[in-house]
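Undergrad: No letters, just coordinates:
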């Protein structure tokens with residue numbers, strides 16, 4: 001094949017082109033709305049493969065996408081007519097239990113990382129779905145169940161190995177290229193391809209986690225009670241309130257199945273007995289379902305997997321809020337009660353704790369002082385339902401705009417334009433990121449992302465594949 005010849009002897013991975021066995025599966029990403037056909041998928045097995053793929057991409061016309069876990073909602077792990085540098089075969093996790101660190105390759109998922117660290121009673125902050133890729137979540141920030149105690153995923157990134165747009169391999173840590181490490185902590189995949197992450201780990205074994213579920217008719221009482229309870233929580237507890245549809249699961253009473261509910265979810269990562277005591281105000285509200293209890297942390301990490309399978313159609317809108325104002329609660333309940341798809345949810349992520357203790361300028365991740373991040377998750381099976389679901393989501397997003405700080409979490413960001421990417425960072429930090437981009441990727445090779453154009457370099461335009 002021409003692509004293999006062009007890559008040269010330095011590439012030891014696999015090349016999949018249209019018509020090859022495996023190409024159709026290789027081009028797919030998590031969001032079923034994304035249907036793009038790259039000219040080739042370059043499946044890398046080593047840092048050397050990644051460097052060879054980058055050098056080939058520099059000589060090629062068309063976009064270049066980088067795929068880790070492939071969970072990006074706007075489909076940034078693929079592209080139309082260009083090259084996909086696929087890191088999914090690179091999944092090793094090496095744990096140093098004495099030093100409490102883990103070295104992780106970029107194709108690993110959080111399930112891979114959690115399984116390896118749990119053997120030693122250790123963990124670091126992951127996301128909410130175990131099939132999410134470690135790389136994408138970390139580079140965008142990393143909201144997860146341990147964040148109020150142990151910080152975001154990116155706060156626990158202590159070193160990395162990066163292949164730059166020149167094909168060079170650069171190490172970064174607090175002692176070497178610290179500005180690059182600063183940018184990787186929330187700035188996305190704009191500065192190169194990370195081929196190795198080093199994470200700080202924490203003692204985490206049994207947690208108290210799960211959910212309590214209430215009929216939506218009690219939603220005002222429950223969300224206001226949740227707000228008052230959450231405001232006084234110790235940082236060992238990270239919580240989330242949601243509006244969803246009760247599934248036909250054995251633990252759900254028959255009269256609640258298929259109805260809209262308000263759920264309170266969370267993870268207490270301190271002493272289990274203390275966690276059970278802290279839950280008492282929620283239990284006094286009389287949930288119809290109470291699944292909170294002690295469990296291994298990796299089990300908690302898989303509880304949301306069934307609700308987020310690959311291949312469904314997804315559309316997100318999101319933002320930050322300084323608190324759960326009555327007007328915000330009322331809007332969430334009004335719109336939540338009439339979400340057109342039973343697969344859709346509204347999430348209110350509690351922030352604070354260790355997330356807020358990090359200085360606003362210490363990492364590229366921004367909006368650390370927000371009390372909540374909200375995510376409007378629309379999910380449905382068929383293209384004939386696109387208009388109804390996107391319209392309902394957008395209407396709620398517009399209604400919540402007055403309650404938003406104006407910022408947005410980059411990992412929840414869709415294909416919303418360059419102004420929204422700026423809003424994820426703020427003007428001063430965005431300019432600093434542009435200077436870093438200008439140093440490591442002045443030609444904007446890595447632009448199929450939530451793009452940060454290089455300072456004094458080419459801008460971008462034309463939608464997701466150009467980074468807008």
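TA: Everything's here; your move. Fair warning: this is a prediction, and the values are worked out from it, not measured in the lab.
Undergrad: hey, where'd the helices end up in the stretch 301-450 of the chain?
TA: Taking DSSP state H, counting those that start in this stretch, the helices of the stretch 301-450 of the chain run over residues 326-336, 354-357, 386-400, 418-425, 427-440.
Undergrad: Please identify the deepest-packed of the ones you listed.
TA: Burial of these is given as mean neighbour count (mean count of other CB atoms under 10 Å); helix 418-425 ranks first at a mean of 20. Where you see a C-beta, it was placed from the backbone N, CA and C, and this is true even at glycine.
Undergrad: Run through the neighbouring helices and strands of that helix.
TA: helix 427-440 (3 or more CB pairs under 8 Å, 6 or more residues apart in numbering; DSSP states H and E).
Undergrad: now with 10 Å?
TA: strand 313-321, helix 427-440 (3 or more CB pairs under 10 Å, 6 or more residues apart in numbering; DSSP states H and E).
Undergrad: Determine the angle, from 0 to 180 degrees, between the first one and helix 418-425.
TA: Spelled out, that is strand 313-321. Here the directions of strand 313-321 and helix 418-425 differ by 50 degrees (axes from the mean of the first three to the mean of the last three CA atoms, to 10 degrees).
Undergrad: Okay, angle between strand 313-321 and helix 386-400 too, please.
TA: Going by the same axes, to 10 degrees, strand 313-321 makes 0 degrees with helix 386-400.
Undergrad: Please apply the same query to the longest one.
TA: Counting by the same axes, to 10 degrees, helix 427-440 lies at 130 degrees to helix 386-400.
Undergrad: by contact count, what packs against helix 427-440?
TA: helix 178-184, helix 418-425.
Undergrad: Give me the buried positions along the first one.
TA: This points to helix 178-184. Buried positions in helix 178-184, judged by neighbour count with 16 or more other CB atoms under 10 Å: 180, 181, 182, 183, 184.
Undergrad: and those as CSV, adding distance to residue 34 and pLDDT?
TA: CSV is the format used below for the buried residues of helix 178-184 (distance: CB to CB, whole Å; pLDDT from 0 to 100):
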residue, distance to residue 34, pLDDT
180, 29, 98
181, 31, 98
182, 31, 98
183, 26, 98
184, 25, 98
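Undergrad: same for the strand or helix carrying residue 227, what does it pack against?
TA: Residue 227 is part of helix 219-231 when elements are defined by DSSP states H and E. Judged by 3+ CB pairs under 10 Å, 6+ apart, helix 219-231 is in contact with strand 206-215, strand 237-245, strand 260-268, helix 280-284, helix 326-336, strand 345-350.
Undergrad: What average pLDDT does it get?
TA: For helix 219-231, mean pLDDT is 98.
Undergrad: cool, and stretch 74-87?
TA: 97.
Undergrad: List the buried residues in it.
TA: 74-80, 82-87.
Undergrad: Same question for stretch 338-358.
TA: Residues 339-341, 343-355, 358 are the ones in stretch 338-358 that count as buried (16+ other CB under 10 Å).
Undergrad: In three-state terms, label the nearest residue to residue 93 once chain neighbours are set aside for me.
TA: Nearest non-adjacent residue to residue 93, counting by CB to CB, 6 or more residues apart in numbering: residue 116, 4.0 Å away. Using DSSP: H, G, I helix; E, B strand; the rest coil, the structure places residue 116 in helix.
Undergrad: same question, residue 49
TA: helix.
Undergrad: List the residues that contact the residue nearest to residue 93.
TA: Counting by CB atoms under 10 Å, 6 or more residues apart in numbering, residue 116 touches 92, 93, 94, 95, 102, 104, 108, 122, 123, 298.
Undergrad: Pretty sure the fourth one sits in a strand.
TA: Right, the one you point to is residue 95. Yes - under three-state DSSP, residue 95 falls within a strand.
Undergrad: wait, isn't it in contact with residue 108?
TA: No - look at residue 95 against residue 108 with CB atoms under 10 Å: they stay out of range, at 12.0 Å.
Undergrad: circling back: now the helices and strands packed on helix 219-231 in JSON lines, with distance to residue 22?
TA: Below are these laid out as JSON lines (distance: least, CB to CB, whole Å):
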{"stretch": "strand 206-215", "distance to residue 22": "37"}
{"stretch": "strand 237-245", "distance to residue 22": "36"}
{"stretch": "strand 260-268", "distance to residue 22": "37"}
{"stretch": "helix 280-284", "distance to residue 22": "47"}
{"stretch": "helix 326-336", "distance to residue 22": "41"}
{"stretch": "strand 345-350", "distance to residue 22": "33"}
